[in-house]
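**Q** Below is the sequence, then the predicted model.
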Amino acid sequence: LPATGILAFENTDAGITAAKTAGLKVIAIHSTDPLGTSTYEDAHLSIDHFGDSALDDLLFEGQTKWRK
């Protein structure tokens, strides 16, 4: 698959950086950060948990919620 067609779910800043370096869109998951030390500021989208309604919105709105 091309990198532009893949979403990465990450819970640390290091994971977000790695995924973005690979050219992936990144969704940060706050509730799974084991140490609570990540800022998530480089993620394209940040959510609190996998049940967050922002994920549902992506299905209907495409990439309008992505940060560049």
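**A** Everything's here; your move. Numbers count the residues shown, from 1 in each chain.
**Q** Start and end of stretch 28-48, how far apart?
**A** 8 Å (Cα to Cα, to the nearest Å).
**Q** who's in contact with it?
**A** Here stretch 28-48 makes contact (Cβ atoms under 8 Å, 6 or more residues apart in numbering) with 9-13, 16-17, 20, 25-27, 49-50, 54-55, 58, 65-68. C-beta: built from backbone N, CA, C; applies to glycine.
**Q** swap the cut-off to 10 Å and go again
**A** Contacts with stretch 28-48, where a contact means Cβ atoms under 10 Å, 6 or more residues apart in numbering, come from 7-17, 19-20, 24-27, 49-55, 57-58, 63, 65-68.
**Q** are any of those buried, and which?
**A** Under a neighbour-count criterion of 16 or more other Cβ atoms under 10 Å, the subset of the contacts of stretch 28-48 counted as buried comprises 8, 10-13, 15-16, 19-20, 24-27, 52, 55, 58.
**Q** I'd like the distance between residue 26 and residue 9.
**A** Distance from residue 26 to residue 9, counting by Cβ to Cβ, to the nearest Å: 8 Å.
**Q** between these two, what contacts are shared?
**A** Shared between the contact lists of residue 26 and residue 9 (criterion: Cβ under 10 Å, 6+ apart) are residues 15, 19, 43.
**Q** Quick check: which element contains the last one?
**A** In this structure, residue 43 sits in neither a helix nor a strand according to DSSP states H and E.
**Q** what's the closest non-adjacent residue to it?
**A** Nearest-residue entry for residue 43: residue 28, 3.7 Å, with adjacent residues in sequence omitted and distances by Cβ to Cβ, 6 or more residues apart in numbering.
**Q** Give me the pLDDT for residue 51.
**A** Here the pLDDT value assigned to residue 51 is 86.
**Q** Then residue 62?
**A** pLDDT, the model's per-residue confidence, is 51 for residue 62.
**Q** how close does residue 23 get to residue 42?
**A** 14 Å.
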